[in-house]
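Colleague: dropping a prediction and its sequence here:
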Amino acid sequence: MLKGKTFSTRGAIITFCLGLSLSSFSQRTSIRGFMDVFASYQDKKTSFGLGEQDLFITSELNDRLTFLGETVFKFSPNSPTQFDVSIERVVIKYNITGNHNLLFGKHHTPINYWNDTYHHGRVYFPTIERPLLFSSQMIPLHTTGFSLQGHDLGAIKFGYDLMFGNGIGSGEVKDNDKYKSLTVAIHIKPADRLRIGASYYHDNISPGATVHGTINKWKVNQSLISGSIAYFGNKVELLTESTLAINTTDTTGSQTSIGTYLYAGIKATEKFIPYIRIDNLHYQEEEVFYHNDNTTSFVGGFRYQINYLAVVKLEYQYQQSAMEGNLNKVTVQFAIGF
Amino acid sequence: MILLQQYSGIKIRKILYIFLFFFVVSTARSQDSTLTVISHRKGAPPEMKMSELISVFLGEKERWSDGTKITIVLMKTTTPVGKETCRKVYARTGNSVLQYWNLQSFAGKTQLPMMFNSTDELEAFVAQNPGAIGIIDKASSIPETKTVMIGGKKYF
C-alpha cells in the first residue's frame, strides 16, 4: 500500500516536471548582472566609488541559434546624468556543425585570453582592474563584424577564431574606411586548466579616424602579434600575455611597441588567494599612434572569494610612468554577480 | 571497588568499539556512493570512456555524433549527488564548478547547464529533451531515457 502510494507520488512529480519542462524549454533566456563598488587611498585622500553595472543576457533561440548581450552602465563625467549606457557585446551565434560556429555582432576581439574571457564581469577578474595593456589602448578591445570560431578540437583541444570587422576608428553601424580588420587567433588546451594561445591582428587606420580620443593624422598600417599562457589550477594561478605592436606610416616607417603583464596567484585556501601582477609598456621613440607613456607597474594584493558570485579584493599598486610620474595607491573592491 | 572499576572499564571499551564499528561502516557506506549517467534515447552513445564523460560535462562538446545538441543536466551542487558529481567528474568543489560554468557562459562559450533539486526532476527533464545527459545515483526508470555505460560499467 505504502509502495503504491510512493509510486503514485513519484509519478505525479514526474508528470508535473514533464509538463514544466515542456512549457519552458522552447526558449531559454537568462538575465544576469554584475557590479562593483570600491574605495581607494591615494595622495593622502580616501575616495569611494561605483564601478560598472553590467547587464548580461543570453538566450537560446533554437538548437543552433543563440544570442548574447552585454550592456554596461557606467560613470561618465560628460553625460548630463553623469552616467552612460554602453553596448559592449551583442553577438548572434549560429552553430554550423559540431564545435564550429559563425558569430555576428559586436565582439570583444579574441586577441588574448583576458579580453576573450573576463569581459566586464569584475567578479571574475583575478585583480581589481584590467592590465595596463588594456587601459593603454595598445590592443583593440572591440570588433564589430563576423567571425568563425571553433573549440576543443582533437586531443590537444585546439581552438580558433577568424574575425573580420570594421576596424579601428569605425562606428558600430558603419565603417569609416574601406579597410577591414583581421584577427586570427589560435589556442590549445594540452592539460586540464591550461590554455596556450597566440594571435595576429591587422588593420589599416585611415587619417581622420578618431582613435584613443584624438584624431589620427596618418595612415597607419598596424600589425599586432600576441601570445598568452593561462593556468588556473587548484593551487597555483598564472596568466601572462604579451603584445608586440608594429605600426607603420610613410613618414616614420615601422615602430615597435611591447606591452606585457604577468599575474601569479597562490590559492592559500579555496577562498583566499594572495597575488601579484607586474605590467610593462614600452614604446619605440618615434611611435605616432600611441601615447608613448612608458610605464611599469607592480600590483600586490589578495582576493577573498566569499562564493562564486561575491569577491573582495584588496590591492596595493605602485606605478612608474614616464608622463604621469609615480603612483602609490591602495584599493579595496567588492564585486558581485547576480 | 577495584572489580567494579575493571567491569566499568571493560563496558566503556565495548561501547567505544561498537561506536567505532558503526562509524567505520557509515563512513565506508558514504564513500561507496555511486553515480550513474542517464541520457535521452536520442543523442548520447550507449557507452563512453570516463575522459569523454568529463569532456562532455565540461561543455567541450556541442553536439553528439548524430548531430543532436548536447544539453547538460546536473543535480544542484548542494545535494549529495551534486557534491559527488563535482568530486568525481569535475575534481572541483561545488563553488568552483559553479564559477567554471558561469565564466564559460559569460565568455559566450556555452549555455549554463540545467540544475535540479531532485533526481525525479532531472530524469523528467532528460526524458523530454533529445540530447540531454545527466548524472544521478540510480538507474533511470523512465522509458524515454537510457543508462550510459562509463568504461563498461553502469555505475562509477
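Modeller: Cool, the structure landed.
Colleague: okay, now the unreliable bits of the chain?
Modeller: Just so you know, I chose chain A. For chain A, the stretches with pLDDT under 70 are A:1-26.
Colleague: was after chain B, sorry
Modeller: For chain B (pLDDT under 70), the answer is B:1-33.
Colleague: which stretches of it form helices?
Modeller: B:2-32, B:50-57, B:80-85, B:94-106, B:119-128 (DSSP state H).
Colleague: okay, angle between the fourth one and helix B:50-57 too, please.
Modeller: Between the axis of helix B:94-106 and that of helix B:50-57 there is an angle of 60 degrees, by axes from the mean of the first three to the mean of the last three C-alpha atoms, to 10 degrees.
Colleague: hmm, helix B:94-106 touching chain A?
Modeller: Yes: Helix B:94-106 reaches chain A (C-beta under 8 Å from any C-beta of the partner chain) through B:Asn95, B:Ser96, B:Leu98, B:Gln99, B:Asn102, B:Leu103, B:Ser105, B:Phe106. (Glycine included, C-beta is placed from N, CA and C.)
Colleague: just want the residue of the stretch 151-300 of chain A that's nearest chain B.
Modeller: Using C-beta to the nearest C-beta, A:Asp152 is the residue of the stretch 151-300 of chain A that sits closest to chain B, at 3.9 Å.
Colleague: give me the element that residue is part of.
Modeller: strand A:142-153 (DSSP states H and E).
Colleague: which neighbouring elements make contact with that strand?
Modeller: Judged by 3 or more C-beta pairs under 8 Å, 6 or more residues apart in numbering or on different chains; DSSP states H and E, the packing partners of strand A:142-153 are strand A:100-108, strand A:158-165, strand A:181-191.
Colleague: got a list of contacts for it?
Modeller: A:88, A:99-110, A:157-167, A:170, A:172, A:180-181, A:183, A:189, B:55, B:60-61, B:109 (C-beta atoms under 8 Å, 6 or more residues apart in numbering or on different chains).
Colleague: got it, and stretch A:92-100?
Modeller: A:63-68, A:101-105, A:148-153, B:60-63, B:67, B:69, B:108.
Colleague: what does stretch A:206-213 give?
Modeller: By C-beta under 8 Å, 6+ apart, stretch A:206-213 touches A:137, A:168-170, A:176-177, A:179, A:205, A:215-219, A:289-291.
Colleague: mark which of those are buried, thanks.
Modeller: A:168-170, A:176-177, A:179, A:205, A:216, A:218-219, A:289-291 (16 or more other C-beta atoms under 10 Å in any protein chain shown).
Colleague: so of those, which ones are in strands?
Modeller: Using DSSP state E, the subset of the buried ones among the contacts of stretch A:206-213 located in strands is A:Ile205.
Colleague: nearest to A:Ser40, out of the helices and strands packed on strand A:142-153?
Modeller: Among the helices and strands packed on strand A:142-153, strand A:100-108 comes nearest to A:Ser40, with 26.0 Å by C-beta to C-beta.
Colleague: roughly how far is the closest one from the heart of the chain?
Modeller: 15 Å (C-alpha atoms, centre = their mean, to the nearest Å).
Colleague: mind saving the C-alpha coords of it as PDB?
Modeller: Coordinates of each C-alpha in strand A:100-108 appear next as PDB, following Å, rounded to 0.1, in the frame of the first residue of the first chain:
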ATOM      1  CA  HIS A 100      32.200  25.200 -35.300                       C
ATOM      2  CA  ASN A 101      30.300  28.400 -35.000                       C
ATOM      3  CA  LEU A 102      29.600  31.500 -37.000                       C
ATOM      4  CA  LEU A 103      29.200  34.700 -35.000                       C
ATOM      5  CA  PHE A 104      27.800  38.100 -36.000                       C
ATOM      6  CA  GLY A 105      27.800  41.300 -34.000                       C
ATOM      7  CA  LYS A 106      30.000  43.400 -31.700                       C
ATOM      8  CA  HIS A 107      32.600  41.300 -30.000                       C
ATOM      9  CA  HIS A 108      35.400  41.600 -27.600                       C
END
